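[1] I would like the atomic coordinates for the input below:
(2 chains)
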Amino acid sequence: MNPKLVEKLSLWQLAILIFIFEVGSVAVVGVGQEAKQDAWIAIALATGIGIGLIAFYMFLLSKLPGKNLFEILVFCLGKWVGKFIGALYVLYFFYIASRVLRDFCELIITVIFKRTPIETIAITMMLVIVYMLYLGLEVLGRTSEVFIPYVFSFIIFIGLGTLFSGEMEFKNLQPILADGIGPIAKAIFPQLLTFPFGEMIAFMMIIPYLTKFKKAGKVSIAAVAISGLMIIYASVIQITTLGLNMWERSSFPLLSAAREISLLAFIERVDLIIVFIVMYGIIVKVSVFFYGGLKGIEVIINKPYRTLVFPLGMVISYFSIQISDTFAEHIEEGIMVIPMFLHLPFQLFIPALITPILIWKVKKQQRRTDNESV
Amino acid sequence: MKRKCLLILVMVAFVLTGCWDSVELNDIAIVTGMAIDPGEDKKYRLTLEYMNPANFSKTSSQQGAPVSTMVQEGNSIADLAGKVNVGASRQLVFSHTRVLFINEKIAEEGILGFLDGLERSAPFRNDFNILITKSHKAEDYVKINNPLEKVPSLKLQKQAKSFAEGWGGDPKVVLSDFIDALISKGRNPVTNTVVLKGDPEKGSKQESNMSNGREALILFDGLAVFDNEKLAGYLSLDDSRNYMWTQDLKQTTLTFPCHDHGDSAKEKQYVNVRVPNSRTKMETYYRNEQPVLKVNIYTEAQIIETQCSDDLTKIDTFKKLEKNAEKYIEESVGRTISKTQKEYGVDIFGFGEALYRQDYKKFKDVEDDWNKEFARAEVVVSAKVQIRRAGTKSKSFLTELSDGMEE
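    Got it, this is the predicted structure:
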């Protein structure tokens, strides 16, 4: 009755997923405002750190091939503690999924559908994601393969469009390093480090299901590097086109920048393609987090996640509305609370904590198998 | 199984229709221009100009004015825009607004009151011209007919564009530029101004399009200088071109005396050049605690008209004309800058921003009273003009004439 559940991803699909996951929302909401006109330097440095992070996650995964984050937690910390921490991760993934969904709904409500209730958008969007995950991870991967040329070329086009419309003022990037390295460091830690790069922790639930796990490390590092370049590109567009002040005050800077495009008095008002980029970016991001959470539940209760997709999808769309009453609350939580109290522990501390345990346990296991074979 | 599929299809059709925010075309009217006057009892008096689409249709020759206007008073612009259906039949769409006219009386009191609404709202794009009206009510400006352009605001926007390309007289200030300049500590905003000549009563009638002369005409009239959000005063039309020289003027037509003979403007002989390409660099620095504002202008030009008898086939003549052009540009741009320093004491040129980019630390020290620094600064304008060619004739017949007279 149910179509067969396919959970295999190719390397190319992984690279695309990482790219859209990183670029989709970040390119549009704009990051690194603390670093002012040096945001692109901050992003470049953060990309370096991001590469380090994904390499670290890959290292953890390579110790126990074929096991995902939750199975690693259970392996390291034992059944009960491992499952408890796993449950926290599930909540974390679901919470971030609903936050990301809320971001998108706010954009749609503000820019396009002014009279549509936000719930309608959250639910419709979630239905698409639910359907995709119900059919399995591979569907997400293949859909992304279809959409990547558009996402990629649209972002490139925005840059060329603003450039040839004569709206870019490269002097907006000056003075470089005016206040020294301080603001850049502030921008990187914790904001840029955790969003978007640290969020790749969710990929620890996906990478184990690759067809060619061995090459996954190199591919994901390359994907992160390319995404970093793309985010730099997008932020340079934003700063040069809008000017520092406008950029800092815009809720959706790339959208505002795209509004300036006017080519040959003919190609104008292209801001809707930005909405398309965000829309697909958000679908991928919510799907990846949602999938991560579902997989976690699968490990905890030992049942296939499929039956839970629809009910939990609806819970996420409900929470995306309930997590904050106002846009200001939503944003302030995102800047003040989330990076420090959610992102850092879940993305860095817990993985760092289990690393020595993992290495030690793997060695012990190997020794045992060695002894047995002798 | 089949029933389930059917159910899903029905559900999908239900959620994917996307009709929630749908608006039919014949329920909307497109706003092209806005004018803001001081209200009598309330804060603002807003006039909206919107198009009558039937008049633009090619097939059916419908009668009626191409645009219609709606006037009302209220305390905030958004309130007025929302309440406009007190008299108008259709929902108004603001995304194609072309011109915003602001009465100078409003500008004198400060225009912060409604800038935020315009910037925040999603429908308003960042491509409408902001113009200060100097005579009559701003309301009249959105009503003046013109036979070439049916919509008054579209006429004004096209006029601004052509003026900028032909003579370089429009600073091309849109909302974001204005707000940027307002916030920036190293720059103050300017906008273009318009003045209405003639009788607005007659000019708003369709019959006025039947005569060859214009009953009423809207002209550009120099720049409005703002001290923060308040109108501080005006610069003349010539000054506004000089202002544009400092702001990367691209194209213009320049008339300057070809030699120093003659005293009054009427006695002098002139040469006229077309500038197809020009580049400006601004530098601000401190020399012994004295701020220096430096403008470097690099210009290419070609001669399009001369009243002098100098031989245009000689290198020396080109050299001499280049010298004169440089002198003329330096003097006139310098004059405008010093006039702004003396009369208004506000940096509309963005010298502060130049300092911000070139010497960040110094700017941090003086940013809070940059305008005072600007007012006492020394001005250096240096122009470099290269006259490349002289049109389709080499020697002017004037040269031949004067040669004949000498013999």
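
[2] could you point out which residue ranges in the stretch 101-250 of chain A have low pLDDT?
    Applying pLDDT under 70 to the stretch 101-250 of chain A flags no residue at all.

[3] how about the residues of it by chain B?
    The stretch 101-250 of chain A comes close to chain B at residues A:110-116, A:120, A:123-124, A:127, A:171, A:174-175, A:178, A:242-243, A:245-246, as judged by Cβ under 8 Å from any Cβ of the partner chain. No exception for glycine: its C-beta is placed from N, CA and C like everyone else's.

[4] list only buried entries from those residues.
    Neighbour counting by 16 or more other Cβ atoms under 10 Å in any protein chain shown classes A:111, A:113, A:116, A:120, A:123, A:127, A:175, A:178, A:242-243, A:245-246 among these as buried.

[5] and chain B, what are its domains?
    Per automatic domain parsing, the domain ranges recorded for chain B read B:23-235, B:237-407.

[6] and those domains as a markdown table, adding mean pLDDT, mean neighbour count and distance to A:G30?
    As requested, those are exported to a markdown table (pLDDT from 0 to 100; neighbours: other Cβ atoms under 10 Å in any protein chain shown; distance: least, Cβ to Cβ, whole Å):
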| stretch | mean pLDDT | mean neighbour count | distance to A:G30 |
| --- | --- | --- | --- |
| domain B:23-235 | 82 | 18 | 16 |
| domain B:237-407 | 82 | 17 | 22 |
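
[7] switch these over to TSV; also include distance to chain A.
    Below are the domains of chain B laid out as TSV (distance: least, Cβ to the nearest Cβ, whole Å):
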stretch	distance to chain A
domain B:23-235	5
domain B:237-407	4
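
[8] which residues does A:L73 contact?
    By Cβ atoms under 8 Å, 6 or more residues apart in numbering or on different chains, the contact list for A:L73 reads A:82-83, A:85-86, A:89, A:354.

[9] which residues touch the most centrally placed residue in chain A?
    Residue closest to the mean C-alpha point of chain A, counted by Cα atoms, centre = their mean, is A:F21 at 4.2 Å. Contacts here follow Cβ under 8 Å, 6+ apart; on that basis A:F21 touches A:196, A:199-200, A:202-203, A:281, A:284-285, A:288.

[10] all helices of the stretch 51-200 of chain A, in order?
    A:69-77, A:79-111, A:118-135, A:137-164, A:182-186 (DSSP state H, counting those that start in this stretch).

[11] any idea which of those helices gets closest to B:F101?
    helix A:79-111 (27.4 Å; Cβ to Cβ).

[12] for the closest one, which positions count as buried?
    A:82-83, A:85-86, A:89-90, A:92-109, A:111.

[13] give me the helices and strands touching it, please.
    For helix A:79-111, the elements it packs on are helix A:11-29, helix A:69-77, helix A:118-135, helix A:271-301, helix A:309-322, helix A:327-332, judged by 3 or more Cβ pairs under 8 Å, 6 or more residues apart in numbering or on different chains; DSSP states H and E.

[14] one step back: farthest pair within the contacts of A:F21?
    Largest pairwise distance in the contacts of A:F21, by Cβ to Cβ, is 15.1 Å, between A:F203 and A:G281.

[15] next one: phi and psi at B:I102?
    Backbone geometry at B:I102, expressed as degrees, to the nearest 10, gives phi -120, psi 120.

[16] can you pull up the bridge partners for it?
    Residues in a beta bridge with B:I102, per DSSP bridges, are B:I36, B:I132.

[17] now the helices: where do they sit in the stretch 151-300 of chain B?
    Going by DSSP H, counting those that start in this stretch, the stretch 151-300 of chain B shows helices at B:152-166, B:175-183, B:200-203, B:237-246.

[18] of the helices of the stretch 51-200 of chain A, which is nearest B:N103?
    Nearest of the helices of the stretch 51-200 of chain A (Cβ to Cβ): helix A:79-111, 31.1 Å.

[19] returning to what we had before: okay, the contacts of A:F21 in TSV with distance to B:T255 and neighbour count next?
    Compiled in TSV, the contacts of A:F21 are given as follows (distance: Cβ to Cβ, whole Å; neighbours: other Cβ atoms under 10 Å in any protein chain shown):
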residue	distance to B:T255	neighbour count
A:P196	57	27
A:E199	63	24
A:M200	64	23
A:A202	68	25
A:F203	68	25
A:G281	56	26
A:V284	61	29
A:K285	61	29
A:V288	66	27
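
[20] identify the residues contacting B:I337.
    Applying Cβ under 8 Å, 6+ apart to B:I337 gives the contacts B:242, B:246, B:293, B:295, B:349, B:379, B:381.

[21] what of B:Y298?
    B:278-281, B:383-384.

[22] let's see which of those end up in strands.
    Among the contacts of B:Y298, DSSP state E puts B:278-281, B:383-384 in strands.

[23] could you export the residues you listed as CSV, including distance to A:E145?
    Below are the ones in strands among the contacts of B:Y298 laid out as CSV (distance: Cβ to Cβ, whole Å):
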residue, distance to A:E145
B:S278, 50
B:R279, 47
B:T280, 49
B:K281, 49
B:A383, 58
B:K384, 56
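
[24] could I get the phi/psi values of the closest residue to B:D368 other than its chain neighbours?
    Spatially, and ignoring its direct neighbours in sequence, B:D368 is nearest to B:K185 (7.3 Å; Cβ to Cβ, 6 or more residues apart in numbering or on different chains). Recorded main-chain torsions at B:K185 are phi -80, psi -10, according to degrees, to the nearest 10.

[25] one more: the one 4 residues further on?
    Taking degrees, to the nearest 10, you get phi -70, psi 150 for the backbone angles of B:P189.

[26] mind checking how far it is from B:F363?
    Separation of B:P189 from B:F363 (Cβ to Cβ, to the nearest Å) stands at 19 Å.

[27] what's the answer for A:L163, then?
    A:L163 is 28 Å from B:F363, by Cβ to Cβ.

[28] if we can go back for a sec, could I get the helices of the stretch 51-200 of chain A as JSON lines with distance to B:E400?
    Converted to JSON lines, those look like this (distance: least, Cβ to Cβ, whole Å):
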{"stretch": "helix A:69-77", "distance to B:E400": "92"}
{"stretch": "helix A:79-111", "distance to B:E400": "67"}
{"stretch": "helix A:118-135", "distance to B:E400": "78"}
{"stretch": "helix A:137-164", "distance to B:E400": "47"}
{"stretch": "helix A:182-186", "distance to B:E400": "69"}
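
[29] wait, which of the ones you listed is closest to B:A232?
    Nearest to B:A232, of all the helices of the stretch 51-200 of chain A, is helix A:137-164, at 32.8 Å by Cβ to Cβ.

[30] what angle do that closest one and helix A:271-301 make?
    150 degrees (axes from the mean of the first three to the mean of the last three Cα atoms, to 10 degrees).

[31] so which bits of helix A:137-164 are buried?
    Going by 16+ other Cβ under 10 Å, helix A:137-164 has these buried residues: A:137-144, A:147-148, A:151-152, A:154-155, A:158-159, A:161-162.

[32] what sits against A:F252?
    Counting by Cβ under 8 Å, 6+ apart, A:F252 has contacts A:28-30, A:107, A:110-111, A:274, A:278.

[33] actually, B:R376.
    B:290-291, B:341.

[34] now those residues in JSON lines, with distance to B:D180?
    Shown next, in JSON lines, are the contacts of B:R376 (distance: Cβ to Cβ, whole Å):
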{"residue": "B:Q290", "distance to B:D180": "28"}
{"residue": "B:P291", "distance to B:D180": "22"}
{"residue": "B:Q341", "distance to B:D180": "22"}
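
[35] excluding its backbone neighbours, what's nearest B:V142?
    B:E49 (3.9 Å).

[36] that neighbour belongs to a strand, doesn't it?
    Yes - under DSSP: H, G, I helix; E, B strand; the rest coil, B:E49 sits within a strand.

[37] rewinding a little: what would the helices of the stretch 151-300 of chain B look like in a markdown table with distance to B:G334?
    Shown next, in a markdown table, are those (distance: least, Cβ to Cβ, whole Å):
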| stretch | distance to B:G334 |
| --- | --- |
| helix B:152-166 | 23 |
| helix B:175-183 | 22 |
| helix B:200-203 | 39 |
| helix B:237-246 | 9 |
